[in-house]
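Trainee: Prediction below, plus the sequence it came from.
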Amino acid sequence: MSNPRDILKQVAEGTLSVDEALTQMQNDREVDLGFAKADVSRSKRCGISEVIFAAGKTPEQVVEIAEALHGKQAPVMATKATAAHYDAVRERFPDAKWHETARIITLHAGNRPDAIGRVAVVAAGTSDLPIAEEAAVTAEFFGARVERFTDVGVAGVHRLVNRIDDIRKARVVIAVAGMEGALPSVLGGLIDRPLIAVPTSVGYGLHLNGLASFLAMLNSCAPGITVVNVDNGFGAGVAATLINRLSS
């Protein structure tokens, strides 16, 4: 990716026209694939590189976007992916990794920085693991040190109490729960860390595809809880990553 200062210097020296400079700077911001525009400069603006939302995209489209990002030395992540997406990406990039539970494909570009800080991902039940893993893999991919706490929901609150001292050591905590979504409320009364709640579409009967747990988390009496959308482990992982960096 070009240095804007170098481009402007070439324009000042007369070795590069204004139109050529504009084209070069545009190409450094995005790659136009026709069906998509790969934002290859997002990490500079937002601290997190563009991520491919694979749902609704063909394997071929995911590969093309991955090629555009990787060609600009950007790390590649595809969320809500399928095994078919992964097979196509792996054929082009043998180093790509498949996180089956999280439904995420990752491919690093260049050397990875050392993991920093500590993010705790706390899952209420085994059924919440796909979304919890989406959050954990996302935070790890973008440089956080992650510790997982699984099956510690409030139906057996002693399991949570047994791990609470370890959870308190984290800089940021992600709580993932379905059913009535009580886990974040309980955690919110026990820890002094930023707490990101993730409702999942898990539950019996009229759980309304996660709306029940979503509303429970929004209406928690424990102050300071941040709630992301239903099944949005990725969003929680990004938020935790940015908070974790600020604490470093």
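Mentor: Structure received. In this text, all values refer to a predicted model and were calculated from it rather than measured experimentally.
Trainee: strands paired with the lengthiest strand in the chain, and their directions?
Mentor: For the chain, the longest strand by residue count, based on DSSP state E, is strand 116-123. In the sheet, strand 116-123 lines up against strand 144-149 (parallel), strand 172-177 (parallel) (DSSP bridges).
Trainee: which parts of that strand are buried?
Mentor: Of the residues in strand 116-123, Gly117, Arg118, Val119, Ala120, Val121, Val122, Ala123 count as buried by neighbour count, 16 or more other C-beta atoms under 10 Å. C-beta here means a position set from N, CA and C on the backbone, and glycine is covered the same way.
Trainee: Can you tell me which of the strands paired with strand 116-123 is most buried?
Mentor: strand 172-177 (a mean of 30; mean count of other C-beta atoms under 10 Å).
Trainee: Figure out how far that strand is from the centre of its chain.
Mentor: 13 Å (C-alpha atoms, centre = their mean, to the nearest Å).
Trainee: and after it, which helix or strand comes next?
Mentor: helix 183-188 (DSSP states H and E).
Trainee: how does this protein divide up, domain by domain?
Mentor: 33-107, 116-246 (automatic domain parsing).
Trainee: Out of those, the one nearest Ser17 is which?
Mentor: domain 33-107 (21.9 Å; C-beta to C-beta).
Trainee: What's the end-to-end length of that closest one?
Mentor: 20 Å (C-alpha to C-alpha, to the nearest Å).
Trainee: do stretch 138-153 as well
Mentor: So stretch 138-153: terminal residues 22 Å apart, C-alpha to C-alpha.
Trainee: Also stretch 208-224?
Mentor: 25 Å.
Trainee: avg pLDDT for stretch 106-123?
Mentor: What stretch 106-123 shows for mean pLDDT is 90.
Trainee: centre of the chain versus that stretch, how much separation?
Mentor: 10 Å.
Trainee: which is the next helix or strand following the lowest-mean-pLDDT helix or strand in the chain?
Mentor: When each helix and strand of the chain is scored by mean pLDDT, DSSP states H and E, helix 18-29 comes last, with a mean of 59. Once helix 18-29 ends, the next helix or strand along the chain (criterion: DSSP H and E) is strand 30-32.
Trainee: Which other helices and strands does that following strand contact?
Mentor: strand 37-39 (3 or more C-beta pairs under 8 Å, 6 or more residues apart in numbering; DSSP states H and E).
Trainee: partners of the strand it packs on, with directions?
Mentor: Using DSSP bridges, strand 37-39 pairs in its sheet with strand 30-32 (antiparallel).
Trainee: can you give me the helices in the protein?
Mentor: 4-13, 18-29, 42-46, 59-71, 83-92, 129-141, 157-167, 183-188, 211-218, 233-246 (DSSP state H).
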